[in-house]
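J.: Any chance you could fold what I've pasted below:
(one chain, ligands or ions: 1)
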Amino acid sequence: MSSIILVLNGPNLNMLGLREPTVYGHETLADVEQMCQRSGQAHGFTVECQQTNHEGQMIDWIHQARGRVAGIVINPGAWTHTSVALHDALAASEVPTLEVHISNVHKREAFRHHSYISLIAVGVIAGFGTHGYKLALDHFAKLLK
Ligand code: DQA
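T.: Here you go, the predicted structure:
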């Protein structure tokens, strides 16, 4: 069994720290990725982090994950609420997936209440800030034991 966990971030998440800090906080994507790497080291698995603003690129990475990685932690950003293609790519990958949102999407605009990704996700973490990524990795550590 592979010991790689893929941490994927979708559109606008490269702007973390600058983007609406009252909603998303002051940590940058580099801070989040560093935290994920440290968490992976502590748990004894390899964490690979990727971010893109391009849906096709994200779909390619998910296809390449099939049979290669043990789990995916994904914050799909706004694609959560729009992308059947991302849902289908994750379903096709057959990789256990945890969906993470920094903000509590259920407390926000109605268009953020529906997720195409939740239909295929093992679980959803929302509203715990960037700590949500660590919670997801901790859960994989438990699942993969
Ligand atoms: C988000 C929530 C989405 O609704 C939004 O489009 C994002 C970030 C979050 O992490 O809270 O880009 O996924």
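J.: longest single helix anywhere in the protein?
T.: For the chain, the helix with the greatest residue count under DSSP state H is helix 29-43.
J.: So for it, what gets flagged as buried?
T.: Neighbour-count burial for helix 29-43, counted by 16 or more other C-beta atoms under 10 Å, picks out 29, 32-33, 35-37, 39-40, 43. (C-beta placed from N, C-alpha, C; glycine too.)
J.: The lowest-mean-pLDDT helix or strand in the chain close to the ligand?
T.: Within the chain, no helix or strand scores below helix 21-24, which has a mean of 92 by mean pLDDT, DSSP states H and E. No. If you take C-beta under 6 Å from any ligand atom as the test, helix 21-24 misses the ligand, and the best it gets is 6.6 Å.
J.: Stretch 105-120 too?
T.: Yes. Contact between stretch 105-120 and the ligand, assessed by C-beta under 6 Å from any ligand atom, occurs at 105, 112.
J.: Ends of that stretch, what's the gap?
T.: 18 Å (C-alpha to C-alpha, to the nearest Å).
J.: Stretch 76-85 now?
T.: Using C-alpha to C-alpha, the end-to-end distance of stretch 76-85 comes to 12 Å.
J.: who's in contact with residue 45?
T.: 3-5, 70, 140-141, 144 (C-beta atoms under 8 Å, 6 or more residues apart in numbering).
J.: any idea how far it is from residue 6?
T.: Separation of residue 45 from residue 6 (C-beta to C-beta, to the nearest Å): 11 Å.
J.: same question, residue 103
T.: Using C-beta to C-beta, residue 103 is found at 22 Å from residue 6.
J.: Compare neighbour counts for those two and give me the winner.
T.: residue 6 (23 against 18; other C-beta atoms under 10 Å).
J.: Tell me what that one is bridged to.
T.: Assessed by DSSP bridges, residue 6 has beta-bridge partners residue 48, residue 72.
J.: No further queries at this time; thank you.
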